[in-house]
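K.L.:
coordinates only, no sequence provided:
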């Protein structure tokens, strides 16, 4: 492991013991404009720039691969917007928009290998996409038909965690298990595909960094050398609370206090997010975990469809971030540096519209769960209490509907 | 037959489970080198190594939260919470994740995690070391809650809890850790989630669990001198409750006294009383009477003899029921 002093970037001189409010804000809000500690490979203007530490981890991204990343982001944004519209039309109870965080999520998601495990928060629709989870499988949570329709073990994408920060401990425990099972730090010989080494990626936001579970996750991961990438999407806002309500120091710098590296990456730069996450995963798989990545991005929409950002932030701020849009810079780069023609962009647009149509159609046709759905799977080994309540409630329902049975899903397994 | 203390019986049970299944882990504060503050895990780290008996950082949410992750990975963690009053930092993970993941995943993710909690008072301890929080857990859907009362149950129940594919909150009566009894290591144990008639009788039913079970048995013996033939039932499973034997008993005796150290309001004893009146209404000769701790915080230890249901308070309730 490198010297911890190397991880800590130069801190501006602080005249008093307490940093001023301006000092705190300047550090927290450091953007891609001249911050030497922000990893960036693609500027907002679409120019490919070099970063000697991380270029290597994006070296294989040719025009075709960059087009794939672009496609991912466009498709994810498209179904995200469709879901927002579905909520406005009363088809979803709520939606959690990811608008603006496409690069942070696609870059991290595409850095992973199939054997890696993911613990998301609840805004990771883009990461879900990279794990092969069809966007329609996300709908049940927001329409109220289930708490997550996918198989967390088969997809290696855990269920969304809504209690802020809980998943950081669950991810750390899972990663401890990867280490206990000897799936970390194995020599990769010629001909090996590397899948004998695993890592876990835990997603959370800037607000979550104030939670005790995130702190405990950092402590545990550090003392057990757990192969976990803590991937913080700092989207600047925890509902109405700005990052300075959570921290006096930039979030990535906290890692040094726990004894592992922290890196801040331009979260709107898909190439940089890909490269930094690949690096972080390699560190973890080779036994140098954990690692903290702060993807510096912006929540361009509301916290959820129930939120009203106009009550706490200025529209100007959004306008500023629109200039750093994660998708536009890739489009410009593809056109200017890879001579990608209009046909490609039109095709992606058509594909995204088709995805949105299928997504909408699926949503409208989702059947309501059977009335006894709630009694299923409370326990793996069943419970006589729940069996009795289920039978009693179904009998109650039957008393209104003498001709048909309302029983749907099975009861508790015994 | 072997004579064991409850602490040693638990230790032997843990050892047997660890020998059977390499995925069983023991984790908690001071459980390794020290063997736990009550020595329940004594010697396990020496024999199974630091990767199966984890001296964890001092953080209860961390203990439960990482156990959840380890269970997702396929392990069967047995977490020790050092004292009852220290479980609350882990309560969020227990309620929000441990209890709900099987349901949320529609059965795809199992949570075979045991959370061991030494509980109850009577040891002259300082604050937060003598509480009986079992009702808080019994109220949570997705958890199973049990309490052992004697070394034989301790030996078998801990193994059965580890074998269970659901999360089990396992309460151990700390003031009974050093009481000895014979344990038949070869006998087939009763099911985990079953109450048990600890003493047969015909005039009154006395039900309890954990540390007060012995008090109940002593009360039955004392009442014998007055010609009362009391049946004592060890509830053992607090969620789901197994009230079959209680109901069968009350239908014969017509009288029920329920005993627990926990406060009475919204408690396990309240649930027992409610269900018995639902199912034994026509058999009851007297109201169900409860003998419990008070609805106060656990008092300073010099007051705990007044707080804890003792032999006299149980006998007083027995007398009141019989005199109804």
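P.N.:
Looks like it arrived, so ask away. Model, not experiment: these values are computed from the prediction.
K.L.:
give me the phi and psi angles of the closest residue to residue A:224 other than its chain neighbours.
P.N.:
Nearest residue to residue A:224, sequence neighbours excluded (Cβ to Cβ, 6 or more residues apart in numbering or on different chains): residue A:176, at 4.9 Å. C-beta coordinates here come from the backbone N, C-alpha and C atoms, glycine included. Per-residue torsions, residue A:176: phi -60, psi -40 (degrees, to the nearest 10).
K.L.:
does residue B:108 touch residue A:149 like I think?
P.N.:
No. Residue B:108 is beyond contact range of residue A:149, at 10.3 Å (criterion: Cβ atoms under 8 Å).
K.L.:
up against chain B, what does the stretch 1-150 of chain A have?
P.N.:
Proximity of the stretch 1-150 of chain A to chain B is confined to A:119, A:146, A:147, A:148 under the rule Cβ under 8 Å from any Cβ of the partner chain.
K.L.:
any idea which of the residues you listed is closest to chain B?
P.N.:
If you rank those by distance to chain B using Cβ to the nearest Cβ, residue A:147 comes first, at 4.1 Å.
K.L.:
for residue B:169, see how far away the residue nearest to the closest one when sequence neighbours are not counted is.
P.N.:
Spatially, and ignoring its direct neighbours in sequence, residue A:147 is nearest to residue B:104 (4.1 Å; Cβ to Cβ, 6+ apart). Distance of residue B:104 to residue B:169, given as Cβ to Cβ, to the nearest Å: 19 Å.
K.L.:
now swap in residue B:305 and tell me
P.N.:
Distance from residue B:305 to residue B:169, by Cβ to Cβ: 27 Å.
K.L.:
counting neighbours, go ahead and name the busier of those two.
P.N.:
Legend: neighbour count by other Cβ atoms under 10 Å in any protein chain shown for residue B:305 and residue B:169, higher for residue B:169 (30 against 12).
K.L.:
so when I look at that one, I'm seeing a strand, right?
P.N.:
Yes. Membership of residue B:169 in a strand is supported by DSSP: H, G, I helix; E, B strand; the rest coil.
K.L.:
just grab the bridge partners of it for me.
P.N.:
With DSSP bridges as the criterion, residue B:169 is bridged to residue B:115, residue B:145.
K.L.:
contacting residues for it?
P.N.:
B:94, B:115, B:117, B:134, B:137, B:143, B:144, B:145, B:146 (Cβ atoms under 8 Å, 6 or more residues apart in numbering or on different chains).
K.L.:
in TSV, list the residues you listed along with pLDDT.
P.N.:
Below are the contacts of residue B:169 laid out as TSV (pLDDT from 0 to 100):
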residue	pLDDT
B:94	98
B:115	98
B:117	98
B:134	98
B:137	98
B:143	98
B:144	98
B:145	98
B:146	98
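K.L.:
closest to chain A among those?
P.N.:
For these, the nearest to chain A is residue B:144 (7.2 Å; Cβ to the nearest Cβ).
K.L.:
mind checking how far that closest one is from residue B:229?
P.N.:
As for residue B:144, its distance to residue B:229 is 33 Å (criterion: Cβ to Cβ).
K.L.:
the spatially closest residue to residue B:31 that is not a sequence neighbour - how many residues pack around it?
P.N.:
Leaving aside its sequence neighbours, residue B:31 sits nearest to residue B:41 (Cβ to Cβ, 6+ apart; 4.3 Å). Residue B:41 is flanked by 28 other residues according to other Cβ under 10 Å.
K.L.:
got phi/psi on residue B:180?
P.N.:
phi -100, psi 150.
K.L.:
doesn't residue B:290 belong to a strand?
P.N.:
Yes. Counting by three-state DSSP, residue B:290 is located in a strand.
K.L.:
I'd guessed it sits against residue B:256; true?
P.N.:
No. Residue B:290 is beyond contact range of residue B:256, at 9.4 Å (criterion: Cβ under 8 Å).
K.L.:
overlap of the contact sets of the two?
P.N.:
residue B:273.
K.L.:
neighbour count for the two, which is higher?
P.N.:
Using other Cβ under 10 Å as the criterion, residue B:290 and residue B:256 rank with residue B:256 on top: 29 against 18.
K.L.:
returning to what we had before: pick the one among the residues of the stretch 1-150 of chain A next to chain B closest to residue A:282.
P.N.:
Nearest to residue A:282 among the residues of the stretch 1-150 of chain A next to chain B is residue A:119, at 19.2 Å by Cβ to Cβ.
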